[in-house]
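Q: Return a 3D structure for these sequence lines:
(2 chains)
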Amino acid sequence: MSGTRRVLVTGASGLLGGRLASRLEADPAIERIVAVGTRPPSVDLQRTDFLRADIRHSAIARLVRTLELDTVVHTGLILDPQRVTAHAAHETNVIGTMNLIAACGGSDSPVCKLIVASSTAIYGAEPADPSLWSESMPRAVPARDPFTRDIDEVESYVAAFAQRVPAAVVTVLRFADMLGRSRTTTFARLFDLPVVPTVFGFDPRLQFVHEDDCVAVLEHAVTHDRPGTFNVAGSGVVVLSQAISMLHRRGAPVIPFVASGPAMFVLNRMRSPGSPPLALPAHIVRLLRFGRGVDTTALRDVFGASLRYTTAEAVVDRGAHRSGRERRDSGARGDDEESLERFIETRTAAWNGHHTPASRRRAGARA
Amino acid sequence: MSSAPPRADSAAESDGWPGRRMLDDLRTQLPMAAMTATGTLAMRLRDLTGRDVIDLESLQELVSLVYRISDVSSSHRAGRYTVDDFGFDPEFTEALMPIFHLIYRKYWRVETFGAEVLPERGGALLVSNHAGVLPWDGAMIKVAVFEAVERHARALVASWFGSLPTLSWLLRRTGQTNGHPDDSLRLLRRRELVLVFPEGVRGTGKPFSERYKLRRFGRGGFVEVALRAGVPIIPISVVGSEEIHPMLADLRPVARMLGLPYFPVTPTWPLLGPLGLVPLPSRWRIRFHPMVRTDERDPGEADDPAHVMRISDQVRDVIQDGLTLDLAERGGVFRG
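A: You can find the predicted model right below:
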């Protein structure tokens, strides 16, 4: 067992951070949980102290020292960079991580464990790639897009920290593309479209990991000492066309395989009524062409996690959530996003004991 | 030979449009009707002319192909199939097999020798010469292996194919993967038959005047892989592949412009356009040679380059001798 007592969770407003914090609350061995995020967390937290803060702020170093936090779980990386610009993603991913790791380092730092939620996107997607990536295999070509470059940089900071502080347990979890309840992950958004755009003449192998499994793996990393880098993906692969049929969707080969840049410029600005524009980042377009598979032997044998969902099961589960939502929607078509936002705002208000100016303004407008 | 069990939503679809059911019925019954009609016609013609005008056996194969493809495609439409980690779908591959089988038997009239060395189970590295501009030899070896032991040989192809539309997924779906050393090692450790062409594009892209002269066998990487995985090597010599697209010249500047490893000029290509892609009907011989027992050696030998090159040369000599033998025995290139 590990000596984890006081945990800092970054990215608490994201898909994984909030849910991880709520799971850790149930563990009596963990004395204190501090969660930071730029927006209120998406789940109801009981004994977690939530702080609305940016990890780029130098106060994080003071926070870690004052509260004597021994474990830092960094789930604050933007792994689905669609709703933000490449610049904003870079700020959060690279600069944020740099600051966080600086906060964890130093001789006076109480941090003895660092867990980072990274992405299998770090392997890139090339025709000459091995069919399955092991954690130790280096990419043959330099990163081709800003996102992959950022993840590269993030992991190099983490590796440097591990080298500088050999006593610390450093775990890097490379998550495959996530599917589950959330509608905001890259592939959830892609599969929710009326027609799924594919690259003409290509049908890549893909791997998915269920959100529930991601949270469970993060929790396992907190409660056990598992230094190293691990691929986290549901076992097996599906090909894109198969995933599309499993979800009873239709694909359209609208992305050309040559000059896909200009085509994506147009496609990325297209939107179906009531949804944000497609905005597929470059690394996803390459993935839709060449696909990717990772070896998860180390996750099973060294890390010691067995995932509940295979890749195919994660796709099927996504379909179940989707059709469930459609059934609910068919009664009264409300704006989901807005109601969710309202829900979150009231929750924040209840927490803080007062309305934030923005929410008061909006409540006034509605009344 | 019924199609897959009806899906809940397919019933809903046919309810949606009245003509749909009729069309579905027609689609399932048409091949049978066509076969009966052609069968009757074949009998009549035989009675009239006194010989087989229509080959009933090939006809039957074609019909079964149509059925299997419609069978597989209906289960594939629902996404109910699995591909392995490399993207291989055995069901899909076996549905396509009759086409290649027909080409194998009727077009190139392939004769196979020594297939009894192929193991019923367990991994082995199949090593063959490579020729003929387009990799038809790989397809024909796969048919020969499937005929002998009902196993799918997993060929390693140039990574360049992965960047081509359609071929990129079609090759993977039918069991091929990228020629990455890690891939071959993984497949062999999963006890698969792995097919490699150590000559690579140097073999397929050689001029017709140098036919059946083996090129360098890479740097012996295939021997290293076999030693590490602890599997035997089975050398294969293929005669006939060199004549399917006799390469008279290689337009290097054009190749460089298109990003191809070579741009061949054959008697029919590019002169006749797409028709030039049709390979010539040479007669083929595929010979499987006795195993080279790399499985009985110490895996540590993979780190000794001198040793690796010695085994590589041994395999190359076996294949070259096989080619010389079969060339002499085949007689005419096209008839005989």
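
Q: for stretch A:236-244, the distance to its chain's centre please.
A: Its chain's C-alpha centre and that of stretch A:236-244 lie 21 Å apart, by C-alpha atoms, centre = their mean, to the nearest Å.

Q: Tell me the pLDDT of the residue of the stretch 1-150 of chain B found nearest chain A.
A: Residue nearest to chain A within the stretch 1-150 of chain B: B:G79 (3.5 Å; C-beta to the nearest C-beta). Where C-beta positions appear, they are placed from N, C-alpha and C, glycine not excepted. With respect to pLDDT, B:G79 scores 79.

Q: ok, it - contacts?
A: A:V238, A:Q242, A:A243, A:I244, A:S245, A:M246, A:L247 (C-beta atoms under 8 Å, 6 or more residues apart in numbering or on different chains).

Q: do the same with B:N178
A: Neighbours of B:N178 in contact, by C-beta under 8 Å, 6+ apart: A:P127, A:A128, A:D129, A:P130, A:S131, B:L156, B:V157, B:S159, B:G162.

Q: same thing but at 7 Å, please
A: Contacts for B:N178 (C-beta atoms under 7 Å, 6 or more residues apart in numbering or on different chains) come out as A:A128, A:D129, A:P130, A:S131, B:S159, B:G162.

Q: From the residues you listed, list the buried ones, please.
A: A:D129, A:P130, A:S131, B:S159, B:G162 (16 or more other C-beta atoms under 10 Å in any protein chain shown).

Q: where do the strands sit along chain A?
A: Remark: strands assigned in chain A by DSSP state E are A:6-10, A:32-37, A:49-52, A:71-74, A:113-119, A:169-175, A:177-179, A:196-199, A:205-206, A:208-210, A:228-232, A:238-239, A:251-255.

Q: Work out the sheet partners of the second one and label each with its direction, please.
A: Each strand that strand A:32-37 pairs with, and the sense of that pairing, follows from DSSP bridges: strand A:6-10 (parallel), strand A:49-52 (parallel).

Q: between the first one and strand A:113-119, how many degrees?
A: It stands for strand A:6-10. 20 degrees (axes from the mean of the first three to the mean of the last three C-alpha atoms, to 10 degrees).

Q: In space, not sequence, find me the middle residue of the chain.
A: I went with chain A, as the question did not name one. With distances taken as C-alpha atoms, centre = their mean, A:L79 lies nearest the centre of chain A, 4.6 Å away.

Q: wrong one, I was asking about chain B
A: B:A139 (1.2 Å).

Q: can you count the residues close to the closest residue to chain B within the stretch 201-350 of chain A?
A: Of all residues in the stretch 201-350 of chain A, A:G201 sits closest to chain B, at 2.3 Å by C-beta to the nearest C-beta. Here the number of neighbours of A:G201 (other C-beta atoms under 10 Å in any protein chain shown) works out to 16.

Q: Now do it, the pLDDT please.
A: pLDDT, A:G201: 92.

Q: does it really touch B:L167, like I thought?
A: No. A:G201 is not in contact with B:L167 according to C-beta atoms under 7 Å; the separation is 8.2 Å.

Q: any residues in contact with both of these two?
A: In contact with both A:G201 and B:L167: no residue, using C-beta under 7 Å, 6+ apart.

Q: and the end-to-end length of stretch A:66-79?
A: 30 Å (C-alpha to C-alpha, to the nearest Å).

Q: Quick check: residues of chain A near chain B?
A: A:127-132, A:200-203, A:205, A:237, A:239, A:242, A:245-246, A:248, A:257, A:290, A:293 (C-beta under 7 Å from any C-beta of the partner chain).

Q: From those, list the buried ones, please.
A: A:127, A:129-132, A:200-203, A:205, A:237, A:239, A:242, A:245-246, A:257, A:290, A:293.

Q: which intervals of chain B have sub-threshold pLDDT?
A: B:1-18, B:31, B:336 (pLDDT under 70).

Q: Do a quick rundown of the helices in it.
A: B:8-16, B:18-49, B:56-77, B:90-102, B:136-149, B:167-173, B:181-189, B:201-204, B:221-229, B:252-258, B:305-330 (DSSP state H).

Q: Could you identify which of those is most buried?
A: Comparing these by mean neighbour count (mean count of other C-beta atoms under 10 Å in any protein chain shown), helix B:221-229 comes out on top with a mean of 24.

Q: For chain B, give the strand that spans the most residues.
A: Longest strand in chain B, counting by DSSP E: strand B:233-239.
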